[in-house]
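Q: missing the sequence, but the structure's below:
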């Protein structure tokens, strides 16, 4: 199953909102994995003040707020079998 990776931080309101919106948009067509950037030093260094960040198949889709169009394009690629 395809995976959307969300890099977030506990207590981050923007992160919570984005995850809710992403889960609704994805609607079980892909897995959504939420990663707490404070659990790993490399994630904290990479994403620190940029959270939330959404990646799909190693590609950055959005930062700070959900880019519904980018997520929809990624889902369309899934549907096309790419």
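A: Looks like it arrived, so ask away. Owing to the predicted nature of the structure, the values given are computational and were not obtained by experimental measurement.
Q: and the helix or strand residue 7 falls within, how far from the chain's centre?
A: Assigned by DSSP states H and E, residue 7 falls within strand 3-8. Averaging C-alpha positions (CA atoms, centre = their mean, to the nearest Å) puts strand 3-8 3 Å from its chain's average.
Q: what mean pLDDT does it have?
A: Averaged over strand 3-8, pLDDT sits at 98.
Q: what segments of the chain are helices?
A: 13-26, 41-47, 68-79 (DSSP state H).
Q: just put the ones you listed in JSON lines and tack on distance to residue 1 and mean pLDDT.
A: For glycine as for every other residue, the C-beta is placed from the backbone atoms N, C-alpha and C. Formatted as JSON lines, those follow (distance: least, CB to CB, whole Å; pLDDT from 0 to 100):
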{"stretch": "helix 13-26", "distance to residue 1": "11", "mean pLDDT": "98"}
{"stretch": "helix 41-47", "distance to residue 1": "22", "mean pLDDT": "97"}
{"stretch": "helix 68-79", "distance to residue 1": "9", "mean pLDDT": "94"}
